[in-house]
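[1] Pasted the sequence and its predicted model underneath.
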Amino acid sequence: MLKSLPFFLLHVVCLAVFFVPATLVAVLMCVGLYVVRMFGITAGYHRYFSHRSYKTSRWFQFVMAWIGCSAMQKGPLWWSGHHREHHLYSDTPDDPHSPVVRGFWRSHVGWILSMDEMGTNWTIVRDWLKFPELRWLNTFHWVPGVVLAVVCFLIDGWSGLIWGFFLSTVVLYQGTFLVNSVCHIFGWQRYATPDKSRNNWWVAILTLGEGWHNNHHHYQSSTNQGFFWWEIDISYYVLKFLSIFGVVWGIRTPPKAVLMNEKKPTEIAA
């Protein structure tokens, strides 16, 4: 319970938004840091560290890990290890956050508070262990978040800290967790995957493209999760832009045979 205390305190501190002014700078920081750190989670923790769906340099790899850590969702190796377990055992009793097996609350947030999920599965992320800087960040994953909190305070005082850091972080938590919970219950299935993953357009908007979850489970190694032009995937657009300058490369996309392997969509509730 004590190890979960910081998570609960972050939520409680957000009540301070009723007692500090919502300055323009603070609100812009709140929105901007949500987007930047969501990109760190989606493009970094998820598409890079969990699935290695594109390549990048060692320095930018560290940058992505640092941004991901600033979202206060633990370290890159912890995060990718649990996500790889999710794909190995999706919607089975061994899935750490399946709403089908464990219920909505457990899949949305309960799993991250469980003592069973506190440790890093080093075996499943052994491909990253050769980088000491990643192992360091995984151990001291709170450092980037603390640094960011200090910067927010220095920029706009208590308003910057409460709105720019605390509120932005908590909203970011809930946005990320929607993929685990909502996208295995509500939405539609374009592809016949062995799990209950579903595409959900509004989760995709909130998470910069992660809501195309059935697409992702159908072809996990793809950098883009929005497979068609009308499926908005902001994280992919940013990565494509970075590839122009050689910051990232080796971007993977699904071949035509994968794209066309559709079943009749199962509409649940979008």
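    All right, it came through fine. Note that the structure is a prediction, hence the values are computed from the model and not measured.
[2] Y236 reaches N224, doesn't it?
    Yes: using C-beta atoms under 8 Å, Y236 is in contact with N224, at 4.1 Å. C-betas here are computed from N, CA, C, even on glycine.
[3] Give me the common contacts of the two.
    G209 (C-beta atoms under 8 Å, 6 or more residues apart in numbering).
[4] show me what contacts S98?
    By C-beta under 8 Å, 6+ apart, S98 lies in contact with H86, S90, D91, T92, S107, H184.
[5] Find me the pLDDT at the third one, would you?
    Spelled out, it's D91. For D91, the pLDDT comes out at 94.
[6] how close does it get to D127?
    Distance of D91 to D127, computed by C-beta to C-beta, to the nearest Å: 25 Å.
[7] Those two: which has the busier surroundings?
    Taking other C-beta atoms under 10 Å, D91 and D127 do not tie; D91 has more neighbours (20 against 11).
[8] Which phi and psi values does that one adopt?
    D91 adopts backbone torsions of phi 60, psi 30, taken as degrees, to the nearest 10.
[9] List only buried entries from the contacts of S98.
    Among these, the ones that count as buried by 16 or more other C-beta atoms under 10 Å are H86, S90, D91, S107, H184.
[10] From the structure, what's the count of residues near the closest residue in space to the fourth one that isn't next to it in sequence?
    So that's S107. Take S107 and drop its neighbours on the chain: the residue closest to it by C-beta to C-beta, 6 or more residues apart in numbering is P99, 3.8 Å away. P99: 21 surrounding residues under other C-beta under 10 Å.
[11] Name the nearest residue to E262, sequence neighbours excluded.
    Counting by C-beta to C-beta, 6+ apart, E262 lies nearest to R190, which is 5.4 Å off, once chain neighbours are set aside.
[12] That neighbour: neighbouring residues, count only.
    R190 has 22 neighbouring residues, counting by other C-beta under 10 Å.
[13] Quick one: residues contacting the residue nearest to S107.
    Counting by C-beta under 8 Å, 6+ apart, P99 touches R106, S107, H108, N180, S181, H184, I185.
[14] Equivalent analysis for S80, please.
    Counting by C-beta under 8 Å, 6+ apart, S80 touches Y45, H46, F49, S50, V125, W128.
[15] T223 contacts R252, correct?
    Yes: between T223 and R252 there is a contact at 5.1 Å, judged by C-beta under 8 Å.
[16] Now for those two: what residues contact both?
    Common neighbours of T223 and R252, counting by C-beta under 8 Å, 6+ apart, are S53, Y54.
[17] which of those two has more neighbours?
    Higher neighbour count among T223 and R252: T223, with 23 against 17, using other C-beta under 10 Å.
[18] what's the spacing between the more buried one and G250?
    Distance from T223 to G250, counting by C-beta to C-beta: 9 Å.
[19] Can you work out which residues contact both of the two?
    Shared contacts of T223 and G250 (C-beta under 8 Å, 6+ apart): Y54.
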